[in-house]
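> have a look at this prediction, sequence included:
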Amino acid sequence: MLRTVARKAPQLLTKSEQYLQKCSLIEVKPIILKVAEEFDPQIQLRSLDAIHIASAQGVLPLIQGLITYDKVMIKEAKALGFLVHSPGQ
């Protein structure tokens, strides 16, 4: 997130860093990487997007959907049964 903010809205970088300090970070476990690797070949996701979706699958009972603005990721996440949110779109 910080790389995108630095590129698109550098004036918000400090505020973004403060926000991230309030977030809980979850380590990417090897099982998440395995799930990301094993998506059906018809699911056309880049590596980090596959990890994002595999991570979301791992906490599905706790979340109500997936947040992304990437058009390919939106399509593929929906194909995998996710409710997808793109606030402001």
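Okay, I see it.
> Ala56 reaches Gln64, doesn't it?
No: at 10.6 Å, Ala56 does not count as touching Gln64 under the criterion of CB atoms under 8 Å. Backbone N, C-alpha and C define where each C-beta goes, glycine included.
> and those two? which has more neighbours close in?
Neighbour tally, Ala56 and Gln64, criterion other CB atoms under 10 Å: the higher count belongs to Ala56, 19 against 8.
> element containing that one?
Taking DSSP states H and E as the criterion, the element that holds Ala56 is helix 47-58.
> so what strands line up beside the helix or strand just after that helix?
Stepping forward along the backbone from helix 47-58, the first helix or strand reached (DSSP H and E) is strand 66-67. With DSSP bridges as the test, strand 66-67 is paired with strand 84-85 (parallel).
> tell me the average confidence for the partner strand?
The average pLDDT for strand 84-85 rounds to 93.
> for the helix holding Ala56, name the packing helices and strands.
Helix 47-58 sits against helix 30-37, strand 66-67, helix 71-79, with contacts defined as 3 or more CB pairs under 8 Å, 6 or more residues apart in numbering; DSSP states H and E.
> same list (the ones you listed) but as JSON lines, adding distance to Glu17 and mean pLDDT.
Formatted as JSON lines, the entries for these read as follows, by distance: least, CB to CB, whole Å; pLDDT from 0 to 100:
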{"stretch": "helix 30-37", "distance to Glu17": "25", "mean pLDDT": "96"}
{"stretch": "strand 66-67", "distance to Glu17": "19", "mean pLDDT": "90"}
{"stretch": "helix 71-79", "distance to Glu17": "25", "mean pLDDT": "94"}
